[in-house]
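**Student:** Quick one, structure for this:
(4 chains)
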2 protein chains.
Amino acid sequence: MERADAARNRARILEAAAQLFAERPPHEVTMDDIAKRAGVGRGTLYRRYPDRASIAVALLDEHERDLQERLLRGEPPLGPGAPPADRLAAFYAAMVDLLEGHSHLVLGSELGRSRFETGAYGFWRAHVRSLLVAAAVPDPDALVEILLAPLAPEVYDHQRTVLGLSPRQITQALGRLAAILQR
Amino acid sequence: MERADAARNRARILEAAAQLFAERPPHEVTMDDIAKRAGVGRGTLYRRYPDRASIAVALLDEHERDLQERLLRGEPPLGPGAPPADRLAAFYAAMVDLLEGHSHLVLGSELGRSRFETGAYGFWRAHVRSLLVAAAVPDPDALVEILLAPLAPEVYDHQRTVLGLSPRQITQALGRLAAILQR
DNA sequence: CAGCTATGCGGACACGGTGTCCACTTGACT
DNA sequence: AGTCAAGTGGACACCGTGTCCGCATAGCTG
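**Tutor:** Residues are numbered from 1 along each chain as shown, chains lettered A, B, ... in the order given. Here you go, the predicted model:
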């Protein structure tokens, strides 16, 4: 049972963090900044969010839930019903949308390798693995991570920012990757 | 023109760093540790290597040079002469060897996104891009990063350590990826 | 409405790593 | 041997982190 002031502060913290991640590169946002902006003490901040990553994860949570829902019960080709290759391509397209809209948040998480331990990643992994199984690919476990690797926020950011690729180009290239499942 | 003591100290620093990266996770190795182990002051260390990443890059340099040489002038399928798909598969296999042998170094670099700025990455990129061009793939620029993404040290480490995959399994899965070029 | 309790708050604090700076040393050239 | 610039090393100040504990207050109870 969460107290009213606790709930209010959590909302403040998340909003402050969202603002800060939007206006600066993530490694320049300190826990102190977030606490200050939220009008909250350090102790209060650390009580719920032990580090920057957990804040960004919380921020992304709703968007991820939404996509998860569409993967499980949405219309094909994203949802069930379409051939695995098409569903994978649709998944890639949806992830590009998500990265595009919230890349600074995802990047804010600075997850690095701990990215693999988030619940969301586990879900993507399970989803893609099921597509691989449906497509009768040998050794699906080995291929899953490889197919998810291009969705790493750092990779996407580099493609967009440094190389100047458009979301559309990236989506199409990923679509070519998804075609692997067609054999 | 480098003075004799400077050269000696550089060698010491690199050896100390190699030892430390081999015996501990990278984020537990501080610049101070490296300086201590090398028997060198902090100032001396920072003079050449402004951060941990640059040390790891220096350590990896020779191995990368070696692979670059084999890509340019070695026997097919790694070197020139074989079909693009085969050369890409061979490149993947060689990279898995490199990651397997020196993963703690690569990880030590903690490159994160700055990984894309290293000279070695630029070389991999140019190489794979040339294979894509040779295979007449549309929009090679968009596909290059995607094909290199699975070689990110974090991804490889996760596959090996957490998922318990063997280098052979990973190589084979990457080989399946390389088959994209066959159409 | 008053009293109670435990949950939550917040700022002070100690710690550890980073990077800089400058007085001193030492190698290389004359 | 003398000169001087390159190189050295450790002290120092700074910053971010995470913890801890006295205090406030929300929410329950009678």
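**Student:** Quick check: pLDDT value at A:Glu117.
**Tutor:** The model reports A:Glu117 with a pLDDT of 80.
**Student:** what's the neighbour count on it?
**Tutor:** 12 (other Cβ atoms under 10 Å in any protein chain shown). C-betas here are computed from N, CA, C, even on glycine.
**Student:** Check A:Pro153 too.
**Tutor:** For A:Pro153, using other Cβ under 10 Å, the count is 21.
**Student:** and if you look at A:Pro25?
**Tutor:** By other Cβ under 10 Å, 11 other residues sit near A:Pro25.
**Student:** May I see the buried residues of the longest helix seen in chain A?
**Tutor:** Determined from DSSP state H, the single longest helix within chain A is helix A:84-108. Neighbour-count burial for helix A:84-108 flags A:84-96, A:98-99, A:102, A:104-108 (criterion: 16 or more other Cβ atoms under 10 Å in any protein chain shown).
**Student:** what packs against that helix?
**Tutor:** helix A:4-23, helix A:52-73, helix A:119-134, helix A:153-157, helix A:167-178 (3 or more Cβ pairs under 8 Å, 6 or more residues apart in numbering or on different chains; DSSP states H and E).
**Student:** quick one: it to helix A:119-134, angle?
**Tutor:** 160 degrees (axes from the mean of the first three to the mean of the last three Cα atoms, to 10 degrees).
**Student:** right, is helix A:84-108 up against DNA strand D?
**Tutor:** No. Applying Cβ under 7 Å from any atom of the strand, one finds helix A:84-108 separated from DNA strand D by no less than 11.7 Å.
**Student:** Could I get the average pLDDT for that helix?
**Tutor:** Mean predicted confidence for helix A:84-108 is 88.
**Student:** Number of residues surrounding the residue of chain A found nearest DNA strand C?
**Tutor:** Nearest residue of chain A to DNA strand C: A:Gly41, at 1.6 Å (Cβ to the nearest atom of the strand). A:Gly41 has 12 neighbours, counted by other Cβ under 10 Å.
**Student:** And A:Pro83, by the same measure?
**Tutor:** Using other Cβ under 10 Å: A:Pro83 sits among 15 other residues.
**Student:** quick one, what contacts it?
**Tutor:** A:Pro77, A:Ala135, A:Leu181, A:Gln182 (Cβ atoms under 8 Å, 6 or more residues apart in numbering or on different chains).
**Student:** Could you export those residues to JSON lines, including columns for distance to A:Ile55 and secondary structure?
**Tutor:** Shown next, in JSON lines, are the contacts of A:Pro83 (distance: Cβ to Cβ, whole Å; DSSP: H, G, I helix; E, B strand; the rest coil):
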{"residue": "A:Pro77", "distance to A:Ile55": "34", "secondary structure": "coil"}
{"residue": "A:Ala135", "distance to A:Ile55": "37", "secondary structure": "coil"}
{"residue": "A:Leu181", "distance to A:Ile55": "36", "secondary structure": "helix"}
{"residue": "A:Gln182", "distance to A:Ile55": "40", "secondary structure": "helix"}
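**Student:** Point out the least confident member of the residues you listed, please.
**Tutor:** Ranking the contacts of A:Pro83 by pLDDT puts A:Gln182 at the bottom, with 88.
**Student:** give the contact list for that one.
**Tutor:** A:Pro83, A:Ala85, A:Ala135.
**Student:** Could you rerun that using 6 Å?
**Tutor:** By Cβ atoms under 6 Å, 6 or more residues apart in numbering or on different chains, A:Gln182 lies in contact with A:Ala85.
**Student:** follow-up on the earlier one: quick check: angle from the longest helix of chain A to helix A:4-23?
**Tutor:** Using the same axes, to 10 degrees: helix A:84-108 against helix A:4-23 is 100 degrees.
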